[in-house]
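Engineer: What follows is a predicted structure for the sequence shown.
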2 protein chains.
Amino acid sequence: MRKLNAGDAGFDAAFRAALDDKRETSADVDAVVAQIIADVRARGDAALVDATNKFDRVTLTAADLRVSSDEIDDAVKQVPVAQRDALAFAADRIRAFHEKQRPSDIDDVDAAGVRLGQRWTAVAAAGLYVPGGTAAYPSSVLMNALPAKVARVPRLVMVVPMPDGVANSLVLAAARLAGVDEIYRVGGAQAVAALAYGTATIAPVDKIVGPGNAYVAAAKRRVFGQVGIDSIAGPSEILVVADRDNDPAWIAADLLSQAEHDEAAQAILITDDAAFATAVEREVEAQLAALPRRATAEASWRAHGLVILVADVRDSIALIDAIAPEHLELAVADPDALAARVRNAGAIFLGRYAPEAVGDYVAGPNHVLPTARTARFSSGLGVLDFLKRTTFVGCDDAALRAIGPAAITLAEAEGLQAHARSIAIRLAK
Amino acid sequence: MRKLNAGDAGFDAAFRAALDDKRETSADVDAVVAQIIADVRARGDAALVDATNKFDRVTLTAADLRVSSDEIDDAVKQVPVAQRDALAFAADRIRAFHEKQRPSDIDDVDAAGVRLGQRWTAVAAAGLYVPGGTAAYPSSVLMNALPAKVARVPRLVMVVPMPDGVANSLVLAAARLAGVDEIYRVGGAQAVAALAYGTATIAPVDKIVGPGNAYVAAAKRRVFGQVGIDSIAGPSEILVVADRDNDPAWIAADLLSQAEHDEAAQAILITDDAAFATAVEREVEAQLAALPRRATAEASWRAHGLVILVADVRDSIALIDAIAPEHLELAVADPDALAARVRNAGAIFLGRYAPEAVGDYVAGPNHVLPTARTARFSSGLGVLDFLKRTTFVGCDDAALRAIGPAAITLAEAEGLQAHARSIAIRLAK
């Protein structure tokens, strides 16, 4: 954990260095991934089955790849009722919020008589990658699948590896609840390749979303262009801006809620009170001792934790915008006043009773958010990620006469005579 | 030019092969680009000046890089009045259409008492790459800059190489008209690196848009993550769906308006009348003879031109969606009925009096559109490309009590106890 004081000489340089802190370890997996993708493109199901059997230690045939409806029924039955209810509660809230994100179409005729508009259509098919093993989160299934369903994607395909043949019941239950249309027990670069290029068993999709390990991330980068992809998520981050009127234990709990994700996660506190900062640090140490994921959270806090002292929390806007945090908690007296001045943040949690973790599960907005300072230019996952916009222009003879001459002038100025002629030939009638 | 009949045996395979037709030549420039970017990161202005002087055959110092207001004034004066008027006419129409793209914010309190919303903010700074030389199109300056201004990007920077020191007056006039804030006479990978990482002269931006050659495209791919980028544009395409009731000369002119862009451009005609198809082909040959850019248009048409005969134009939806054209002209009796069923297209031009070229200049919607079948999952440039969404969640004590318990259940099911505790510690109060 590092501690900086915004009033110190040398703060700017130290803060810049903290921002440039490289938290991701990028394994050199690209050559392996290229080979796997080429194999799936060339041999289809046979390659997909071979890779799956090898990496997941199973003995499947192509006929086994799809998870049957009966298997999903069985999985749903294994989920305790309280968990099933909580999933349904979360799904309803996530769906309700994302319904509000549906954009409107435009269809107007302007003063020149030109009809102009745009309309949104869903991608025809989307693929959702869900990690297997410890990072298999049913909440992420909901957060990735529900925006696609709200966007009315006709075909939503999920791939999830099942190492040693073990399925995660809660993940399958979440997929059922979200309305996923097809589920395949495949993962890694081979699953991404199958979604992008298709095999006999898995028809290709147009867009692939969802988190994965370094192999999955490399595969998504490689198939981009053939299909659309979402952003490549980095380690999680939280920035808590807290004044002295908070319970240090609450703020410490919030910092640790992100630190427990990953040793590369980063938790940052900005406060205007040195004694409060010290109290939070003490609480972090105390709470670490009781955490099941102590090793992860402690490693994150020791290596990447950051406490920044400022003269006044209201002066922290420039720091917030430079950090461009994935998650921003404003545990201050007037969070709205501060939030209104923030330009760069994935999601903002307002007030002392809005811990970030409610946003991970049940608040409603998406928990797939921009990391690694990319909130400067990108947004969290949402309905728009599964839609694309088609603009349209309609002219009759009179409308073309109104706007065509200016187009001819510009086309000729650019030396594009065929452009000009395609208009002039109609005006000459 | 190839000709296919949708009724023939073997059509599907021939159509698939035509879709897979690789039109782009990808020069192996990545190593050179990596070196240039590393140099600009390490040496800043000195590297930028060295590369500019070398590639553009000039002798500049860092102090010369920025184009002065006086130079822009002089450039504006050199533009003929008719062209200036046409630019202003285009800018007004493009601005008016893009104003309609501004999305609304959301700020609601739901039944559980949870405040949920999202708000859009502009990127703090955007960079616009404008090619020098023959591909310097003032219309593209308007199409890239105006959406950024409508999005209220506070700082809009343009880079445009000036080989041998020669400026394009119309490009500078378009930049002035669009409200570009800073212009630098640099190009290539060195300009992209300067925009992404900053130098003493050019402060860094958050997003880079605009077309460029293979070096620029490779540089944009490399700096992605450090900054946002728009899509990498491929060669232009047009798909014209025309019934027999069209003038073959008009349709031939439309096909050639895209073919003249680039030898790798593709023009496709779908029609239901073999005699009409033949008449269009004859017209293409006749008009080619009179075109200033004949060599380019002819090469495109010979290598990539495609005519597809169908039994009924109303049955062409599956073909259109598979082609997912950048530009789609529907020169048919009832274009709306056909357009309503199309899922994948960048822009649609409705009816016999809407040649695609009006969309390139003056209609209003953007002319930067998805190519190479990416309209299956992506959209043309627009105001949203310069905005990002921040979601927010506000809870008071009661609201957290309403939604917190379900979040605790899910966090515990996922094994994330610190997440659960950050909520439980508040509920325990």
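Structural biologist: Sure thing, it's come through.
Engineer: got any ranges where chain A has weak pLDDT?
Structural biologist: Chain A contains residues with pLDDT under 70 at A:22-27, A:134-135.
Engineer: Quickly list the domain ranges of it.
Structural biologist: Domain assignment of chain A by automatic domain parsing yields the ranges A:2-23+A:234-363, A:30-229, A:395-427.
Engineer: residues of the last one that come out buried?
Structural biologist: Same thing as domain A:395-427. Going by neighbour count (16 or more other Cβ atoms under 10 Å in any protein chain shown), the buried part of domain A:395-427 is A:395-396, A:399-414, A:416-426. In short, each C-beta sits where N, CA and C put it, glycine included.
Engineer: picking up where we left off before, will you turn the domains of chain A into a markdown table that also has distance to B:Ala318?
Structural biologist: Putting the domains of chain A into a markdown table (distance: least, Cβ to Cβ, whole Å) gives the following:
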| stretch | distance to B:Ala318 |
| --- | --- |
| domain A:2-23+A:234-363 | 39 |
| domain A:30-229 | 11 |
| domain A:395-427 | 27 |
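Engineer: Save these as TSV, and put in distance to chain B too.
Structural biologist: Shown next, in TSV, are these (distance: least, Cβ to the nearest Cβ, whole Å):
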stretch	distance to chain B
domain A:2-23+A:234-363	4
domain A:30-229	3
domain A:395-427	4
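Engineer: All the strands of chain A, in order from the start?
Structural biologist: Along chain A, counting by DSSP state E, strands occupy A:2-5, A:106-109, A:115-122, A:125-129, A:155-159, A:182-184, A:207-209, A:228-229, A:237-242, A:266-271, A:306-309, A:327-331, A:347-350, A:387-394.
Engineer: what's the neighbour count on A:Ala112?
Structural biologist: For A:Ala112, the count of nearby residues is 18 (other Cβ atoms under 10 Å in any protein chain shown).
Engineer: That one and A:Leu400 touch, don't they?
Structural biologist: No. Counting by Cβ atoms under 8 Å, A:Ala112 does not reach A:Leu400; the two are 9.6 Å apart.
Engineer: Run a quick neighbour tally on A:Phe204.
Structural biologist: Wrong residue type there; residue A:204 is Pro, not Phe. The number of residues packed near A:Pro204 is 16, by other Cβ under 10 Å.
Engineer: Isn't it up against A:Ala193?
Structural biologist: No. Using Cβ under 8 Å, A:Pro204 makes no contact with A:Ala193, being 10.0 Å away.
Engineer: gap between the closest residue in space to A:Gly380 that isn't next to it in sequence and B:Gln83?
Structural biologist: Of all residues not flanking A:Gly380 in the chain, A:Leu369 sits nearest, at 4.2 Å (Cβ to Cβ, 6 or more residues apart in numbering or on different chains). In this view, A:Leu369 and B:Gln83 are 46 Å apart by Cβ to Cβ, to the nearest Å.
Engineer: which ones are touching A:Ile268?
Structural biologist: Contacts for A:Ile268 were tallied using Cβ atoms under 8 Å, 6 or more residues apart in numbering or on different chains; they are A:237-240, A:305-308, A:323, A:325.
Engineer: what's the answer for A:Val49, then?
Structural biologist: Taking Cβ under 8 Å, 6+ apart as the criterion, A:Val49 is in contact with A:60-62, A:65.
Engineer: How about A:Arg84?
Structural biologist: When contacts are counted by Cβ under 8 Å, 6+ apart, A:Arg84 touches A:76, A:173.
Engineer: What of A:Arg41?
Structural biologist: With Cβ under 8 Å, 6+ apart, A:Arg41 has these contacts: A:193, A:197.
Engineer: wouldn't A:Met143 be in contact with A:Val368 here?
Structural biologist: Yes. Using Cβ under 8 Å, A:Met143 is in contact with A:Val368, at 5.5 Å.
Engineer: With neighbour count added, can I get the contacts of A:Ile268 in a markdown table?
Structural biologist: Output for the contacts of A:Ile268, formatted as a markdown table (neighbours: other Cβ atoms under 10 Å in any protein chain shown):
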| residue | neighbour count |
| --- | --- |
| A:Glu237 | 27 |
| A:Ile238 | 26 |
| A:Leu239 | 27 |
| A:Val240 | 27 |
| A:Gly305 | 22 |
| A:Leu306 | 22 |
| A:Val307 | 22 |
| A:Ile308 | 23 |
| A:Ile323 | 25 |
| A:Pro325 | 29 |
